[in-house]
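Undergrad: Structure for the following, please:
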Amino acid sequence: MTYVVTEACIKCKYTDCVEVCPVDCFYEGDNMLVIHPDECIDCGVCEPECPADAIKPDTEPGLEKWLALNARFAAVWPNISDKKAPPADAEEFQGAEEKFDKFFSEAPGLGS
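TA: Next comes the predicted model:
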């Protein structure tokens, strides 16, 4: 098992999860984070820290797409291990629907 970051992170990109991760398995895109599935130790400390409820265990049904996306972009985006301020408009996008189709960016973030 591993944890994955889902659509709820897009345009919110809170980094509270990054701060508590004991193995630094988060990677930063332009407008979301992902978890490297081979680095995640399944501890689960990140899941309750996410204000957007974007982190889920990969054992939940229907998360295959998100597991693949996390693996793909963790391989190319920079590692992030420090908490950063969320985007100024993060609260506006929290709970929004269809964020992947409307806003997902393959561009990397800055990392730590």
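Undergrad: worst-scoring helix or strand of this protein, pLDDT-wise?
TA: One helix or strand of the chain scores below all others by mean pLDDT, DSSP states H and E: helix 90-93, with a mean of 93.
Undergrad: Nearest residue to the middle of the chain?
TA: Leu33 (3.2 Å; CA atoms, centre = their mean).
Undergrad: got a list of what that one touches?
TA: When contacts are counted by CB atoms under 8 Å, 6 or more residues apart in numbering, Leu33 touches 5, 9, 13, 15, 17-18, 26-27, 80, 109. All C-beta spots, glycine's among them, are computed from the backbone N, C-alpha and C.
Undergrad: Can you name the residues that contact the closest residue to Asp42 other than its chain neighbours?
TA: Spatial nearest neighbour of Asp42, chain neighbours left out: Met1 (5.0 Å); criterion: CB to CB, 6 or more residues apart in numbering. Contact partners of Met1, counting by CB under 8 Å, 6+ apart, are 42, 57-59.
Undergrad: Likewise for Ile55?
TA: Applying CB under 8 Å, 6+ apart, the residues near Ile55 are 3-6, 9, 17, 35, 46-47, 49.
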